[in-house]
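*Asks:* Dropping the sequence and predicted coords here.
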Amino acid sequence: MKFTSLSFLIFFLVVYILNWSIKGKGRHVFLFVVSVLFYAAWSIPFALHFLAIVVLNHIGNQRVQLNGKSPWFYFVIFLNIANLFVFKYFYFFWDSLLYLTASPIFEPENIRHFLDSQFGFDSITLPLAISFYSFQMIAYAADVRRGDAKENPNFLKFALFIFFFPQLVAGPIVRHGEFFYQLENWKANKQQLFEGLYLVFLGLLKKVVVADNISIVIDPIFYNPNAYDGPSNALALFSFAARAYCDFSGYTDMARGLGKLLGIDLPENFKAPFLSTSLSDAWVRWHMTLASWIRDYIYIPLGGSRVSEIRSYFNLLLTFSLAGIWHGANVTFLLWGFSHGLVLALER
C-alpha cells in the first residue's frame, strides 16, 4: 500500500483509532500485527520470509547479549548480508561475471532455466524494503556486539522495531536508541498530534503536488532527449534533482508524521540539502540516517581518518562506493558513489 493511496488512508485511520484504544503491552502486539499485515499486503510469502529473518536475528542477538564473543554475531551478519546479496545483488554479480569472462555459462537464460527447474520460478524478486531492514538489523547486531545496545528487548519489541510500518518502506533508518525507550512511556499528546499532521500534509504536498507533477513534465525529455533543445534538457536535469528530493523527503515526512500520530518519534532524514555549501555538507543534510549509518558501520570500522592519509582516502572511496550500490545494484550507482567519495577526498 502506498502512503498516498485511498486504501492506505482507510488502513491507517483504523490503525490510529485502535492504537489509542488499546492499553499497555497490547499496543505492542497490535502494532506488530498490523505492521506484518501491511507488509503482507504486498506479498504474503515475503512477509513470512521477512519474519523468519527477524526471528533468526533476535535469536542471534540474544546469544550475543549473553556472550559478546559468541559466533552467533558472525551468523547474524552473514545472514543479513547474504539475504541482501541474493535478492538485490545477485543479478549485478552474475552480469558482471558475464561481462568479465564473456562465458556462455553466465548467459541470462541459463540462470532463468536453473531457477525454473529447481524452484519453479524464473527470476528473483526484490523484497520490499530489504535495504532498509537489512541495514537496521546489521546496525543493531553490531551495537549488541560492541556492548552499546543495553535494552535487551523481547522478541515482540525487537520485531516491532524492525517491522514498524511507517518507516519500513522508505526509511528513515532507525537506531535502537531512538526507538525502544519510547515503548516504555507511550502517551498521546497534542504536540505530537499537530506535528504529525503537519508532516503528513507536508509530505503529501512534496510527493503528490510537486514530485509527481514534475515527473509528468520531465519524463518525456529523459525518454527522448534528442527531441528537445539544450535549455529544456538542462531544466529537466535540475528538475530531476527537485523531484528526487520532494519524492524521497516527502515519503520520509509522511513516515515521520505517521509515526508521531501513533506516538513514536522517528529521526529527521533531510535538512535543507540544497542549501549545502559543499558535498560533505550535503551528506550531513541529505538522507542523514544513511549518512550516519555508513559513517558508523563502514567508514569508522575501516579506520576512518585515524589511519594514514592514503588509507583514509581509500576508506572514503570504498565507503561511498558501497553507499552507491546500496542505492541501486548497477555500475551507474557504483560510479556515482565512487565519484562522491573522490570529491569528498579532494575536499579534505
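*Replies:* Yes, it's here.

*Asks:* Quick one: the helices in the stretch 101-250 of the chain, in order.
*Replies:* Counting by DSSP state H, counting those that start in this stretch, one finds helices in the stretch 101-250 of the chain at the ranges 108-119, 130-146, 155-163, 165-168, 190-204, 212-223, 230-261.

*Asks:* so which of those is the most packed in?
*Replies:* helix 165-168 (a mean of 26; mean count of other CB atoms under 10 Å). For every residue, glycine as well, the C-beta is placed using N, CA and C.

*Asks:* excluding its backbone neighbours, what's nearest Phe30?
*Replies:* Spatial nearest neighbour of Phe30, excluding adjacent residues (CB to CB, 6 or more residues apart in numbering): Ile22 at 5.2 Å.

*Asks:* and that neighbour, how many residues sit next to it?
*Replies:* 14 (other CB atoms under 10 Å).

*Asks:* Likewise for the one 3 residues further on?
*Replies:* Around Lys25 sit 13 other residues, with neighbours defined as other CB under 10 Å.

*Asks:* nearest spatial neighbour of it, skipping sequence neighbours?
*Replies:* Once its chain neighbours are removed from consideration, Lys25 has its nearest residue in Leu156; the separation is 7.8 Å (CB to CB, 6+ apart).

*Asks:* State the distance from that neighbour to Phe32.
*Replies:* When distances are taken as CB to CB, to the nearest Å, Leu156 and Phe32 turn out to be 6 Å apart.

*Asks:* swap in Leu275?
*Replies:* When Leu275 is compared with Phe32 (using CB to CB), they lie 39 Å apart.

*Asks:* what pLDDT does the closest residue in space to Glu195 that isn't next to it in sequence get?
*Replies:* Leaving aside its sequence neighbours, Glu195 sits nearest to Lys260 (CB to CB, 6+ apart; 5.3 Å). In this prediction, Lys260 carries a pLDDT score of 94.

*Asks:* Who are the contact partners of Lys260?
*Replies:* Taking CB atoms under 8 Å, 6 or more residues apart in numbering, we find Lys260 in contact with Gln192, Leu193, Glu195, Gly196, Leu199, Leu266.

*Asks:* which SS class is the last one?
*Replies:* Right, the one you point to is Leu266. Using DSSP: H, G, I helix; E, B strand; the rest coil, the structure places Leu266 in coil.

*Asks:* That one contacts Gly257, doesn't it?
*Replies:* No: counting by CB atoms under 8 Å, Leu266 stays clear of Gly257, with 9.1 Å between them.

*Asks:* For the least confident helix or strand in the chain by mean pLDDT, which outside residues touch it?
*Replies:* For the chain, using mean pLDDT, DSSP states H and E, the weakest element among its helices and strands is helix 108-119, scoring a mean of 81. Residues outside helix 108-119 that contact it (CB under 8 Å, 6+ apart) are Trp94, Asp95, Leu98, Pro104, Phe121, Asp122, Ser123, Ile124.

*Asks:* just checking, Ser43 touches Ala129?
*Replies:* No: taking contact to mean CB under 8 Å, the distance of 11.2 Å between Ser43 and Ala129 leaves them out of contact.

*Asks:* neighbour count winner among those two?
*Replies:* Between Ser43 and Ala129, counted using other CB under 10 Å, the more crowded position is Ala129 (21 against 14).

*Asks:* circling back to that earlier point, tabulate the helices of the stretch 101-250 of the chain in a markdown table, adding columns for distance to Lys88.
*Replies:* As requested, the helices of the stretch 101-250 of the chain are arranged in a markdown table below (distance: least, CB to CB, whole Å):
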| stretch | distance to Lys88 |
| --- | --- |
| helix 108-119 | 15 |
| helix 130-146 | 6 |
| helix 155-163 | 17 |
| helix 165-168 | 16 |
| helix 190-204 | 26 |
| helix 212-223 | 24 |
| helix 230-261 | 18 |
